[in-house]
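J.: Next come a sequence and a model predicted from it.
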Amino acid sequence: MDKKEEFLELFDRLIVREGCGELRKYLLKSDFFDAPASIRYHCAFAGGLCEHSVNTYKRLLKNIQNEYGETWDQHFKHETVAICGLLHDLCKIGYYKQDFRNVKENGEWVRKPCFTREEELPFGHGEKSVYIINSFIRLTREEAMAINWHMGGFDYRAKGGDSSISDAYRLYPLAVFLHVSDLEATYIDEKRHIQ
């Protein structure tokens, strides 16, 4: 099963909240399944965003199960885990554009495909994902906090000195789990690739 099929199977089986059908249609019409997860690092290839989303979901589920054992689903609904893991990076929809650049190979300049950034909705990172998801399905406060702060210390708000992230992590354990799972998917499960 390829990553798109795996993503859609997980989405269809686990996300049943009102509005999920419209969200699914939106994803299929967008570049979500063709976009990279990054330009230069993890999953920097067409389809990388979908692959990263599936990887993050799997890490999130595993981390929660490891922490709470057989009673994990008394702490978090499986739908919540799927929403956070699969949808945390919807902010990257419409963010990367295919382009070309010249690269020197064996002393010759060769035109190679690449991705560049071209933000269509400059709303921030995690907060943009929350905004897009909430346009279709209603997130719980904990889901919104987890998705909003999934970048952890890499978030420009945190880098700028905003201490809200500490409060979010203290109040909402799911936010910590999602951040750690996103890091593990990025740096352990996915090969870093520089174009």
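T.: Yes, it's here.

J.: For the rest of this, base every contact and every neighbour count on C-alpha atoms.
T.: Will do.

J.: Who are the contact partners of the spatially most central residue of the chain?
T.: Centroid-nearest residue in the chain: D89, 2.8 Å away (criterion: Cα atoms, centre = their mean). Contacts for D89 were tallied using Cα atoms under 8 Å, 6 or more residues apart in numbering; they are L49, S53, H125, G126, S129.

J.: Can you tell me which one of the residues you listed sits lowest on pLDDT?
T.: The member of the contacts of D89 with the lowest pLDDT is H125, at 87.

J.: pretty sure that residue is in contact with H88, am I right?
T.: No. Assessed by Cα atoms under 8 Å, H125 is found out of contact with H88, at 9.5 Å.

J.: Would you mind telling me which of these two has more residues around it?
T.: It is H88, of H125 and H88, that has more neighbours when counted by other Cα atoms under 10 Å, with 31 against 21.

J.: can you pull out the helices in the chain?
T.: For the chain, the helices defined by DSSP state H occupy 3-14, 20-29, 48-68, 78-87, 126-134, 141-148, 156-159, 164-171, 173-184.

J.: Could you list which residues are in contact with the closest residue to P36 other than its chain neighbours?
T.: Leaving aside its sequence neighbours, P36 sits nearest to G48 (Cα to Cα, 6 or more residues apart in numbering; 4.3 Å). Counting by Cα under 8 Å, 6+ apart, G48 makes contact with F33, D34, A35, P36, A37, S38, H42.

J.: what stretches of this protein score poorly on pLDDT?
T.: 191-195 (pLDDT under 70).

J.: Tell me which residue of it is furthest from the middle?
T.: G107 (38.3 Å).

J.: Now do it against C114, distance only.
T.: 20 Å (Cα to Cα, to the nearest Å).

J.: Pretty sure E184 sits against Y57.
T.: No. Taking contacts as Cα under 8 Å, E184 lies outside contact range of Y57: 10.9 Å.

J.: Comparing those two, which residue is more hemmed in?
T.: Neighbours were counted for E184 and for Y57 using other Cα under 10 Å; Y57 has more, 25 against 16.

J.: Which residue, other than its chain neighbours, is closest to the more buried one?
T.: Nearest residue to Y57 in three dimensions, chain neighbours excluded: G85, at 3.8 Å (Cα to Cα, 6+ apart).

J.: Please apply the same query to D182.
T.: Computed as Cα to Cα, 6+ apart, the closest residue to D182 that is not its neighbour in sequence is T56, at 5.3 Å.

J.: Return the residues in contact with that neighbour.
T.: T56 touches G85, L86, L178, S181, D182, E184, A185, counting by Cα under 8 Å, 6+ apart.

J.: Drop anything exposed from those.
T.: Listed as buried from the contacts of T56 are G85, L86, L178, S181, D182, E184, A185; burial here means 16 or more other Cα atoms under 10 Å.
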